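Engineer: here is my input, please return the structure:
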Amino acid sequence: MKMKDNIDLLYIKVIITAVLIWLAIGSFLLYNRYNPSSSSKATIVTEKGEVLKAVEQDLLRHGKIGNIK
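Structural biologist: Numbers count the residues shown, from 1 in each chain. All right, here's what the predicted structure looks like:
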């Protein structure tokens, strides 16, 4: 029985480690999604010289509005 207990503990440790790694990667990706680096926060200015709001910039970057490629 001692060997079986060691194997059970090993499985539990592996599962806990995998969950912690998964949570760390997920939180890193979420942090980067909602707090992008400064290079992706560049201000977009239209041809008329108007500065777009953050929501408009996001829509424009993702192709929801405008004619940008």
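Engineer: so M3 is in which element?
Structural biologist: Taking DSSP states H and E as the criterion, M3 maps to helix 2-34.
Engineer: domain ranges for the protein?
Structural biologist: Split into domains by automatic domain parsing, the chain comes to 1-35, 38-69.
Engineer: lowest-confidence stretch among these?
Structural biologist: Sorting the domains of the chain by mean pLDDT places domain 38-69 lowest, at a mean of 63.
Engineer: three-state assignment of K48?
Structural biologist: At K48 the chain is in coil, as set by DSSP: H, G, I helix; E, B strand; the rest coil.
Engineer: how close does it sit to L29?
Structural biologist: Between K48 and L29 the computed distance is 37 Å (Cβ to Cβ, to the nearest Å). C-betas here are computed from N, CA, C, even on glycine.
Engineer: more neighbours, these two?
Structural biologist: Neighbours were counted for K48 and for L29 using other Cβ atoms under 10 Å; L29 has more, 10 against 5.
Engineer: distance check, the more buried one against T17.
Structural biologist: Noted for L29: a distance of 19 Å to T17, by Cβ to Cβ.
Engineer: tell me the contacts of I16?
Structural biologist: I16 sits next to no residue when contact means Cβ atoms under 8 Å, 6 or more residues apart in numbering.
Engineer: that one and N32, how far apart?
Structural biologist: Distance, I16 to N32, using Cβ to Cβ: 25 Å.
Engineer: over to T17?
Structural biologist: In terms of Cβ to Cβ, T17 sits 23 Å off from N32.
Engineer: same question for V19.
Structural biologist: V19 sits at a distance of 21 Å from N32 (criterion: Cβ to Cβ).
Engineer: what's the answer for K4, then?
Structural biologist: With the distance defined as Cβ to Cβ, K4 ends up 43 Å from N32.
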